[in-house]
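> give me a 3D structure for the following:
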Amino acid sequence: QVQLAESGGGLVQAGDSLRLSCAASGFTFSSHRMGWFRQAPGKEREFVAAIDRSASITYYADSVKGRFTISRDNAKNTVALQMDSLKPEDTAVYYCAASSVVTWLDYRKPYRWNHWGQGTQVTVSS
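This next block holds a predicted model:
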């Protein structure tokens, strides 16, 4: 079955970096767009970053642009999120997502992503 397993979360201080990884299995990874979302306590799940099947196109939320970088390795079925210059407002559970149907018109909408990981906690202290 489809599995997305996130890793790399943790507790860091403001200004530090973290690298999240997501290992995918059970589907044709190279035919899916991949994304990262996050959800803070009491808030809705929000889009963070997305990457096209061939890694030629990437999109970022304005709040993370210039600080976060999404990448993928189709040979290893993995997608990563490099997070630099972390801020306390980046604190959230981060989810890896995959979709074979999402388009670049609706990629910010969680319901358009049909596979999700369990999430990994990122906590940034001030």
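> contacts, neighbours, all on C-alpha from now
Will do.
> what residue is smack in the middle of this protein?
Centroid check for the chain by C-alpha atoms, centre = their mean gives residue 36 as the closest residue, at 1.8 Å.
> hang on, isn't that one packed against residue 97?
Yes - taking C-alpha atoms under 8 Å as the definition, residue 36 is a contact partner of residue 97 at 6.0 Å.
> is the residue nearest to the centre of the chain bridged to anything, and to what?
Following DSSP bridges, residue 36 is listed with bridge partners residue 49, residue 96.
> tell me the spacing between residue 84 and residue 112.
The gap separating residue 84 from residue 112 is 27 Å, by C-alpha to C-alpha, to the nearest Å.
> nearest spatial neighbour of residue 90, skipping sequence neighbours?
With C-alpha to C-alpha, 6 or more residues apart in numbering as the criterion, residue 90 has its nearest non-adjacent residue at 6.7 Å, and that residue is residue 124.
> what's the strand or helix carrying that neighbour packed up against?
Here residue 124 sits within strand 120-125, counting by DSSP states H and E. Applying 3 or more C-alpha pairs under 8 Å, 6 or more residues apart in numbering; DSSP states H and E, we find strand 120-125 packed against strand 10-13, strand 92-99.
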